[in-house]
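Visitor: I would like to see how this sequence folds:
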Amino acid sequence: MENDRGTKRSRWRDDDEERQTAERRRQEKERKRKQKQERKEKKQQQLDQNKPDDNGTSEPKETSADVNGLDLDINGLLQFKAPEIRSCRGVNNYEMLNHIEEGSYGVVYRGKNIDTDEIVALKKLKADKNQYGFPITSLREINTLMALQHPNIVNMKEIVVGGSLDQIYIVMEFVEHDLKSLMTDMREPFLQSEIKTLLHQLLSATVLMHENHVIHRDLKSSNLLMNNRGQIKIADFGLARFFSEPSQAMTQLVVTLWYRAPELLLGAKYYSTEIDLWSVGCIFAELITNKPLFEGRSEIDQISKIFDLLGYPDEQNWPGFKSLPHGKTINKPKNYVKTQSLRTKFPMMTSAGIDLLSSLLQLDPKRRMSASEALKHPYFKEDPRLQPPEMFPTFPSKAGQERRRRASPSAPVARHGDHLNDNKNENDDDDDDGFIMAAPEDEKFGLFREQDKKGGGFQLRF
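Guide: Numbers count the residues shown, from 1 in each chain. Got it, this is the predicted structure:
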């Protein structure tokens, strides 16, 4: 054998190279065979571990991978648990009972689960026919409700669909009342102890939202649901969104006008959880009087009502407010004299209550109290203490189509210690059948009946 240069090549050298190549191939085959055998043994070992015992139950045993805290498949690869992906159930699993209300982003119905007879609320999402895809507000609401689990946040059960793409329903727990309608029908406001309980629950849910980096952006009394067990639940997360730190530019066209923070009214695009705390302060004031605190007819009227009660901003109480888009348009009147304050607006509130309210209604968002700080405020520790939720009164549910019982006339009542006398003396005064002691007319905030824990409409006859 000759090479390219014409010199002879050794036959023994060729035999050595062939033997080395054959040995490498043999080793590679042996290695692959061993790997295949190991995989087969691991698979058989897992089958043996999940093999049912004598009672017919299967109990997985610990493996070396489980002991080390790793979840490995049969090939030794790390695997992660993921939620099961399955199709949504149909809305025909629920029976529609009645219509509750219609909002900007959906229509709410009362329904019943056909299988379990459980009463639920079904919110049909509104789909814009001019846009393609799923509504972003609905995606945010579903995503937020899945991320937030709290006793004072409405619980989402599942998503069900109808026969077309515009028939998508969110199934939630049914709550009997919304706080706005309930306060409108009440003759007198809540007791101070009841107000503390409701406010404490609202702040507790707000803390959870903010810890999970969620801003509700539409807290108001009509978005707070209340059941007959003394619990309120935050609902309607259509405007909610996750936020980051530092905050990014977001739209200022959020929050219902009466509960909108002053920085939003002045056009701020960079904001955070402080706008929710302003709304909580407005709800706190509304619980005291059963009336919204700032009932503006427009954005200009709304900001004017805020400044009339809390004072006009300046560089001392709100540094840098002039840098906001509409901040330069705010000018204090020359002959302005402040005639209102939270103390004059709520004369029967304690000093601690006024301090908490003013801390939530600070014009400067940086000075506004956070939800976690508000929960630790001395207002919740002074008398009267928080009313236990189970001690709250119950009310007929409009959503459940319950009717209030009409009051029927009662029999005549004699004076204490006297008997009814049909043969009344002519000289007796016709109106002298005793006197009625009730709350004074100037007592508007229900504090008078707090002392005796009386209910609405209760009177003492002597």
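Visitor: what's the local residue count around Pro389?
Guide: 16 (other C-beta atoms under 10 Å). C-beta here means a position set from N, CA and C on the backbone, and glycine is covered the same way.
Visitor: scratch that, Asn113 is what I was asking about
Guide: Using other C-beta under 10 Å: Asn113 sits among 14 other residues.
Visitor: hmm, Ser304 is touching Ser298, no?
Guide: No - with contact defined as C-beta atoms under 8 Å, Ser304 does not reach Ser298; the gap is 9.4 Å.
Visitor: residue ranges of the strands in the stretch 201-350 of the chain, please?
Guide: Ranges of strands in the stretch 201-350 of the chain, per DSSP state E, counting those that start in this stretch, are 214-215, 224-226, 232-234, 241-242.
Visitor: of all these, which lies closest to Val91?
Guide: For the strands of the stretch 201-350 of the chain, distance to Val91 was read as C-beta to C-beta. The smallest value, 21.9 Å, belongs to strand 224-226.
Visitor: parallel or antiparallel, list what pairs with that closest one.
Guide: Listed by DSSP bridges, the sheet partners of strand 224-226 and their directions read strand 177-178 (antiparallel), strand 232-234 (antiparallel).
Visitor: distance to Thr21, mean pLDDT and mean neighbour count for the strands of the stretch 201-350 of the chain - can I get that in JSON lines?
Guide: Supplementary listing: the strands of the stretch 201-350 of the chain in JSON lines, determined by distance: least, C-beta to C-beta, whole Å; pLDDT from 0 to 100; neighbours: other C-beta atoms under 10 Å:
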{"stretch": "strand 214-215", "distance to Thr21": "66", "mean pLDDT": "95", "mean neighbour count": "24"}
{"stretch": "strand 224-226", "distance to Thr21": "79", "mean pLDDT": "94", "mean neighbour count": "24"}
{"stretch": "strand 232-234", "distance to Thr21": "74", "mean pLDDT": "96", "mean neighbour count": "24"}
{"stretch": "strand 241-242", "distance to Thr21": "61", "mean pLDDT": "91", "mean neighbour count": "15"}
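Visitor: list the buried residues of the biggest helix by length in the chain.
Guide: Scanning the chain for the longest helix, with DSSP state H as the assignment, gives helix 11-49. By neighbour count, with 16 or more other C-beta atoms under 10 Å as the criterion, the buried positions of helix 11-49 are Lys42.
Visitor: and that helix, how far out from the chain's middle?
Guide: 61 Å (C-alpha atoms, centre = their mean, to the nearest Å).
Visitor: quick one: mean pLDDT over it.
Guide: Predicted confidence along helix 11-49 averages 80 (mean pLDDT).
Visitor: now do stretch 301-309
Guide: In the prediction, stretch 301-309 has an average pLDDT of 95.
Visitor: Tyr109 belongs to a strand?
Guide: Yes - Tyr109 forms part of a strand when assessed by DSSP: H, G, I helix; E, B strand; the rest coil.
Visitor: not counting its neighbours along the chain, what's nearest it?
Guide: For Tyr109, the nearest residue in space outside its immediate sequence neighbours is Leu122; the separation is 4.8 Å by C-beta to C-beta, 6 or more residues apart in numbering.
Visitor: is that neighbour in a helix, a strand, or coil?
Guide: At Leu122, secondary structure determined by three-state DSSP is strand.
Visitor: tally up the residues packed near it, please.
Guide: Neighbour count for Leu122, taken as other C-beta under 10 Å: 23.
Visitor: isn't it right up against Tyr94?
Guide: Yes - the pair formed by Leu122 and Tyr94 meets the contact definition of C-beta under 8 Å, at 6.2 Å.
Visitor: shared neighbours, these two?
Guide: Jointly contacting Leu122 and Tyr94 under the rule C-beta atoms under 8 Å, 6 or more residues apart in numbering are 111, 160, 169, 171.
Visitor: could I get the buried residue list for stretch 161-172?
Guide: Buried positions in stretch 161-172, judged by neighbour count with 16+ other C-beta under 10 Å: 168-172.
Visitor: for Arg260, which of the strands paired with strand 224-226 is the nearest?
Guide: strand 232-234 (17.4 Å).
Visitor: how far does the closest one sit from its chain's centre?
Guide: 6 Å.
Visitor: please apply the same query to stretch 360-377.
Guide: The gap between where stretch 360-377 is centred and where its chain is centred comes out at 19 Å by C-alpha atoms, centre = their mean.
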